[in-house]
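Visitor: give me a model of this one.
(one chain, ligands or ions: 1)
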Amino acid sequence: MKIKKRNFIKYLFYCLVISIGPHFRVLSIENSKIINPNLTDEQKKIMFKEGTERPGTSELLFEKRKGSYHCANCNAKLFNSVAKYDSGTGWPSFSEAIPGAFKTKIDYSYGMKRIEYHCAKCGAHHGHVFFDGPGPGGKRYCNNGLCLIFVPN
Ligand SMILES: [Zn+2]
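Guide: Residues are numbered from 1 along each chain as shown. Here you go, the predicted model:
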């Protein structure tokens, strides 16, 4: 009877780990920290709780000028405007990133296996990378517009 009780406690502990595990995943991103004190709640939700902005809502979808795109949190340079293109998805899209700008990890949420990427400097989540892009590398960086700041040349 004692053993059964212990197994039951183990089972409860196991359930606890399963239920709170996904929250720890968010916290475990290396060096993830808020640097810009002016980030809005929506930006924080995307960058540090891996949220996603509603498609078609970013003003950057219509940005056609030459320049560069920087991290809204730490200001690291992430994309050049020459890599930007209209993917039709409703999120700002880029065929390539500045080398070393991002770190990637596998995201299994929503029953899909996707590659999400984070700013290498501050750890903020920016979006997911897919392999149906138009460039020679075939990549499509699908970036939340709220995580980016455009700096014209
Ligand atoms: Zn950053």
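Visitor: shaky segments in the chain?
Guide: 1-3, 8-31 (pLDDT under 70).
Visitor: strands of this protein, start to end?
Guide: 67-71, 77-80, 84-85, 93-94, 102-107, 114-119, 125-130, 140-143, 148-152 (DSSP state E).
Visitor: so how far is Pro152 from Met112?
Guide: Plainly put, Met112 is 35 Å away from Pro152 if you go by C-beta to C-beta, to the nearest Å. All C-beta spots, glycine's among them, are computed from the backbone N, C-alpha and C.
Visitor: and the gap between the residue nearest to Lys113 when sequence neighbours are not counted and Glu53?
Guide: In space, and not counting its chain neighbours, Lys113 is closest to Ile106: 6.3 Å by C-beta to C-beta, 6 or more residues apart in numbering. Distance of Ile106 to Glu53, given as C-beta to C-beta: 22 Å.
Visitor: what about these two, which has more around it?
Guide: Using other C-beta atoms under 10 Å as the criterion, Ile106 and Glu53 rank with Glu53 on top: 20 against 8.
Visitor: now do the contacts for that one.
Guide: Taking C-beta atoms under 8 Å, 6 or more residues apart in numbering, we find Glu53 in contact with Glu42, Ile46, Trp91, Asn144, Gly145, Leu146.
Visitor: can you pick out the most distant pair from these?
Guide: Farthest pair in the contacts of Glu53 (C-beta to C-beta) is Glu42 and Trp91. Separation: 14.5 Å.
Visitor: more neighbours: which of the two?
Guide: Per other C-beta under 10 Å, whichever of Glu42 and Trp91 has more neighbours is Trp91, with 23 against 14.
Visitor: is it true that that one touches Asn143?
Guide: Yes. At 6.2 Å, Trp91 counts as touching Asn143 under the criterion of C-beta atoms under 8 Å.
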